[in-house]
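A.B. asks: just a sequence and a predicted model for now, questions to come.
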Amino acid sequence: MVLHKLKRMLSKLGAGCINKIWRLGAGGRLFWLTLISSGESFRRFRLTIREVYFTGVLSLIIILVSAFFVGMVLALQGYHTLQKYGSSEAIGVLVALALVRELGPVVTALLFAGRAGTAITAEIGLMKATEQLSAMEMMAVSPIARVIAPRFWAGVIAMPVLATLFSMVGILGGYLVAVPLIGVDAGAFWSQMQANVDWEYDILNGVFKSVVFGVACTMIALFEGYDAPPTAEGVSRATTRTVVTSSLAVLGLDFILTSFMIAV
Amino acid sequence: MERTTIDLWVGIFVALGFAALLGLAMKVGNLTTSSIGQTYLVTANFENIGGLKPRAPVKSAGVVVGRVSEIVFDPKTYEAVVSLNIDTRYNFPKDTFANIYTAGLLGEQYIGLEAGGDEVNLKNGDKISQTQDAVVLEKLISQFLYSKATESDDKPGKTAATSTESGVDALDASPLDKIGK
Amino acid sequence: MANAIVEIQDLSFGYKGRLLHKGINMTFPKGKVVAIMGGSGSGKTTLLRLIGGQLKPTKGQVQVGGEVVHQQDREGIYRLRRKMGMLFQHGALFTDLSVFENVAFPMREHTNLPESMIRDLVLLKLNAVGLRGAHALMPTELSGGMARRVALARAIALDPSIIMYDEPFAGLDPISMAVICDLIRSLNDALGATSIIVTHDVEETFQFADYVYFVADGVVAAEGTPDDLRNSELPFVHQFVHGEKDGPVPFHYAAPEYHASLLRGAR
């Protein structure tokens, strides 16, 4: 009886693994199809602009408010630790580097997955459930070119913009706490920052990270929607999976990218 | 939502993004300060570079005049060959002295250039012959202890209490100077 | 029939070894309204998808205008689909576009007509279904019957030669149903198109269809004009047309003997 149960568990695990690999392959295929049918997203750039509005502009508020608070908390926490070593002027460096290199791209991507990613999944899933994608197919219009690709490129455009804004607003939040509130010298705050934050190594690498996260988050959201079972329950599950998968993908990719960037 | 309104918002959104990137570049990053235009390359050999890294600043009189571009190990001389990119606006005499300093007690390491008196200037591809290695903390401490030991051998009459006192004095009198000799 | 525009020949189709269709033959002549009828789950909608090339047959073939659908590449299928219009079960209007933009969608995608001409054509199509006044509404603001009519206007936007209807009467009130019935017939005759209707509403369909196929158990169980079928002696057709609850299609799903189950304690 125990053996039987064990066997069933093992076979369930195996089936789960195979399913994951299958989905990975299907996602990769959708990614490829999206890339090769992207022409229309640029020829009729209006389609993409429309989606930038929905994914980027509508995510602006949550990104900016979060950035402000993250920056303030970083400054508070950083000051608390740095002053023990008598180097509280280094607070500017700490806030800026933490935001530009890590928190900007990563937190933006996580918030993006929650705000825009779920919206994309639900929208595509519902379009599928209500046969809108089928209808498009029957009108000889490829849903990948007309629906998936513009959303993909919109996500890839919106993410770095959001991440850059996140970093900038976060630094302003850190400045507000460090300089007027705690009383760190403003000159030291900025000059230490400028001396230690490198344009290419820190800022551009951060932007590059956010572009990669943009590709990953948007593609995951699109795939989950496109692959969702065409029922209310299927779409709601797909939405949850979007958040889980995107978050894990972002954190995993972050580790890989960071290790490459530090090694170089 | 009207299409034109969407266009406007997206335009604002992207413009904000560029503004933020510009802000990061100008206010936060060192794009402005590190924009060393034309540079010339000189090399310097060190027996020990300590924790010096590529892209570390090269300073003279505290002003950044260039950056370390590359550090390689020379298997013939068993020395580190450090390449320096120096701004063409600054010229240094041929007998310039290159030191590896540490910013603060535990800060990052950088190269300090002290100009000599030669009338010929360094040019692209030249080698700085006079160098001084990085200070390695362990070496410093062991040398200090060694010198203390020889000192107490010289003056056997001293008591333990005065010996610790003179130890404090020795620390005050900058051990860095002692090791340089 | 010589001028068949769509022909289904010895068609078999199934998922994972279970066959849904087992050798179906159908002919859809030009200018006629042909209905495919059958119980729920008999694979009627799948037939439409096979005609539209969204699915590939396991065996046999579907010909549209003399071309075998599943042998076409992507371009070829898209070329064939431009001759088809399809009305989906619940309309499948694009929820993020207005009624006007929904009808304009196929024109914008496939033609380079100037904006003024698109406007005229869209209003013409909307007028044909009686909803010119609703062009500015969003699909969420429409009733089920209106949504169906807008979808019909969209399906005929490019004047297709084949119009397919997937359950056009499902979930409609009697008035909307009568309107759709009327539209199917009049649009078919006005456009000179061929209509293929998948449905299980006997009364409405018999009023206007030229020819009817009955599908049961994966084969064509009966075919003929509505009058033929009304008087048919075939037990299945008789049960279906007259809506009797028991007959060749049993009321009970296959199960062990009821009495025995009770005694044993049903599992």
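C.D. replies: Thanks, I have the structure now.
A.B. asks: pLDDT value on residue C:94, please?
C.D. replies: Note on residue C:94: pLDDT of 91.
A.B. asks: do I have it right that it meets residue C:105?
C.D. replies: Yes: the pair residue C:94 / residue C:105 is scored as a contact, 6.7 Å apart, by Cβ atoms under 8 Å. From N, CA and C alone the C-beta is placed, and that goes for glycine too.
A.B. asks: look up phi and psi at the residue of chain B found nearest chain A.
C.D. replies: Distances between chain B and chain A by Cβ to the nearest Cβ are smallest at residue B:17, namely 3.1 Å. Main-chain torsions, residue B:17, degrees, to the nearest 10: phi -60, psi -40.
A.B. asks: and for it, the neighbour number?
C.D. replies: Close neighbours of residue B:17, defined as other Cβ atoms under 10 Å in any protein chain shown, add up to 21.
A.B. asks: can you check the one 5 residues further on too?
C.D. replies: Summarising burial for residue B:22: neighbours were counted as other Cβ under 10 Å, giving 13.
A.B. asks: please identify which helix or strand holds it.
C.D. replies: Following DSSP states H and E, one finds residue B:22 within helix B:3-23.
A.B. asks: okay, buried residues for that helix please.
C.D. replies: Within helix B:3-23, the residues that qualify as buried are B:6, B:9-10, B:13-14, B:16-17, B:20-21, B:23, counting by 16 or more other Cβ atoms under 10 Å in any protein chain shown.
A.B. asks: swap in stretch A:17-31?
C.D. replies: Buried residues in stretch A:17-31, counted by 16+ other Cβ under 10 Å: A:27, A:30-31.
A.B. asks: check stretch B:133-152 too.
C.D. replies: Buried, per 16+ other Cβ under 10 Å, within stretch B:133-152: B:133-135, B:144.
A.B. asks: just stretch A:36-48 next, same as before
C.D. replies: With burial defined by 16+ other Cβ under 10 Å, the residues of stretch A:36-48 counted as buried are A:37-38, A:40-41, A:47-48.
A.B. asks: residue C:248: which of those residues is nearest?
C.D. replies: Using Cβ to Cβ, residue A:37 comes nearest to residue C:248 of the buried residues of stretch A:36-48, at 48.5 Å.
A.B. asks: contacts only, for that closest one.
C.D. replies: A:142, A:144-145, A:148-149 (Cβ atoms under 8 Å, 6 or more residues apart in numbering or on different chains).
A.B. asks: could you find the closest non-adjacent residue to it?
C.D. replies: Nearest non-adjacent residue to residue A:37, counting by Cβ to Cβ, 6 or more residues apart in numbering or on different chains: residue A:145, 4.0 Å away.
A.B. asks: test my guess that residue A:126 contacts residue C:95.
C.D. replies: Yes: between residue A:126 and residue C:95 there is a contact under Cβ under 8 Å: 7.5 Å.
A.B. asks: contact partners for the residue nearest in space to the middle of chain B?
C.D. replies: Nearest to the geometric centre of chain B sits residue B:110, at 0.5 Å (Cα atoms, centre = their mean). For residue B:110, the contacting residues are B:52, B:56-59, B:100-103, by Cβ under 8 Å, 6+ apart.
A.B. asks: using the three-state scheme, assign it.
C.D. replies: strand (DSSP: H, G, I helix; E, B strand; the rest coil).
A.B. asks: quick check: bridge partners of the spatially closest residue to it that is not a sequence neighbour?
C.D. replies: Excluding the flanking residues, the one nearest residue B:110 by Cβ to Cβ, 6+ apart is residue B:57, at 4.7 Å. Under DSSP bridges, the beta-bridge partners of residue B:57 are residue B:67.
A.B. asks: list the contacts of residue B:57.
C.D. replies: By Cβ under 8 Å, 6+ apart, the residues touching residue B:57 are B:64, B:66-68, B:110-111.
A.B. asks: roughly how far is stretch A:233-250 from the heart of the chain?
C.D. replies: The chain centroid and the centroid of stretch A:233-250 are separated by 13 Å under Cα atoms, centre = their mean, to the nearest Å.
A.B. asks: now do the helices in chain B.
C.D. replies: Using DSSP state H, the helices found in chain B span residues B:3-23, B:137-154, B:160-172, B:175-180.
A.B. asks: and for the stretch 51-200 of chain C?
C.D. replies: Taking DSSP state H, counting those that start in this stretch as the criterion, the stretch 51-200 of chain C carries its helices at C:74-81, C:99-110, C:115-128, C:144-155, C:174-191.
A.B. asks: mind showing which ranges of the chain have poor pLDDT?
C.D. replies: In the absence of a named chain, this looks at chain A. For chain A, residues meeting the criterion pLDDT under 70 lie at A:263-264.
A.B. asks: not quite, I wanted chain C
C.D. replies: C:1-2, C:249-250, C:265-267.
A.B. asks: one more: chain B?
C.D. replies: In chain B, residues with pLDDT under 70: B:1-3, B:30-37, B:104-107, B:153-181.
A.B. asks: so it: which segments form each domain?
C.D. replies: For chain B, automatic domain parsing gives the domain ranges B:1-34, B:39-132, B:137-180.
A.B. asks: can you tell which of these is closest to residue C:109?
C.D. replies: With Cβ to Cβ, the closest approach to residue C:109 among the domains of chain B belongs to domain B:1-34: 17.3 Å.
A.B. asks: how about the residues of chain A by chain B?
C.D. replies: A:46, A:49-50, A:52-53, A:56-57, A:60, A:96, A:100, A:157-158, A:160-162, A:164-165, A:167-169, A:171, A:190, A:193-199, A:201-203, A:207 (Cβ under 8 Å from any Cβ of the partner chain).
A.B. asks: now the buried members of those residues.
C.D. replies: Taking 16+ other Cβ under 10 Å as the criterion, what is buried in the residues of chain A next to chain B is A:49-50, A:52-53, A:56-57, A:60, A:96, A:100, A:157-158, A:160-162, A:164-165, A:167-169, A:171, A:190, A:193-199, A:201-203, A:207.
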